[in-house]
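> got a predicted structure plus its sequence, pasted below:
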Amino acid sequence: MTQDELKKAVAEAALAYVPEGEIIGVGTGSTANFFIDGLGTMRNRIRGAVASSEASAKRLADLGIRLFDLNEVETMPVYVDGADEVDPGFHMIKGGGAALTREKIVSSVARRFVCIADASKKVDVLGRFPLPVEVIPLARAQVARALAALGGRPVWREGVVTDNGNVILDVHDFKIPDPVAVESEINQIVGVVTNGLFARRGADVVLLGTTTGVQVLQR
Ligand code: 5RP
């Protein structure tokens, strides 16, 4: 099976976690896109969706799914999204698609985070994938120095501007054995909007696409 076939399989499996008549939180990226396409097939059975990026909002709207502003929504049963890495404690690195801040905000309102990922995303210790950090443009160099002082090698993702008008620093060569502590520490750096560690609030369910089928990992 190709990586895309594995992504499609987990995205389709995630449809079973979508309750009828509800508003669903929707992530960003290629795996989330397969989920959005699946959601399109049941658009008359859900109330609508809150998107975590302009790209996902457009894809949802093109499929005729009603979009809600997060400010209109007090709670949602589920948020479904991909990940760049997930560890055995259900902590994740996200933000490969630069949507980390909205992903973190939208997912924080959901009662359950369903992570959909192909098996290549499963790691023992987070940090093989460079950790994305969204930064206010004025603070880019200063935040890069602070991230280097923590032991990482920040690289500016040149040419990328987030939906919030900010820039991304990707922190390379940065093993993260204690993701909860590192998430908080990086968020304390002045000029950081969010970092891509989803550890304080990790996934509740991980649907992992393997060549032998979709594995369901539950907390
Ligand atoms: C976007 C994300 C994505 O969920 C993450 O990058 C995984 O992407 P893909 O499903 O394309 O592999 O965090 O900001």
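Done, it's in.
> from here on, just use CA atoms for contacts and neighbour counts.
OK.
> quick one, phi psi at Glu183?
Note on Glu183: its backbone torsions stand at phi -60, psi -50 [degrees, to the nearest 10].
> how about the contacts made by the residue nearest in space to the middle of the chain?
By CA atoms, centre = their mean, the chain has its centre lying nearest to Lys94, at 4.6 Å. By CA atoms under 8 Å, 6 or more residues apart in numbering, the contact set of Lys94 is 82-85, 100, 131-132, 196-198.
> okay, it: pLDDT?
In this model, Lys94 is scored at 98, pLDDT.
> look at Val214 and give its secondary structure.
strand (DSSP: H, G, I helix; E, B strand; the rest coil).
> of the contacts of Lys94, which belong to helices?
Among the contacts of Lys94, the members falling in helices (DSSP state H) are Leu100.
> residues from this protein in reach of the ligand?
Listed as neighbours of the ligand in the chain under the rule CA under 6 Å from any ligand atom: 28-32, 81-84, 94-100.
> swap in 5 Å and give it another go.
The chain comes close to the ligand at residues 28-31, 82-84, 94-100, as judged by CA under 5 Å from any ligand atom.
> buried ones among these?
Listed as buried from the residues of the chain next to the ligand are 28-31, 82-84, 94-96, 98-100; burial here means 16 or more other CA atoms under 10 Å.
> show the backbone phi and psi for Gln149.
Slight slip there: residue 149 is Ala, not Gln. phi -70, psi -20.
> quick one, what contacts it?
Counting by CA under 8 Å, 6+ apart, Ala149 has no contacts.
> if I look at it, how far off is Gln188?
Using CA to CA, to the nearest Å, Ala149 is found at 14 Å from Gln188.
> ok, Gln215 next?
36 Å.
> more crowded one of those two?
Neighbour tally, Gln215 and Gln188, criterion other CA atoms under 10 Å: the higher count belongs to Gln215, 15 against 12.
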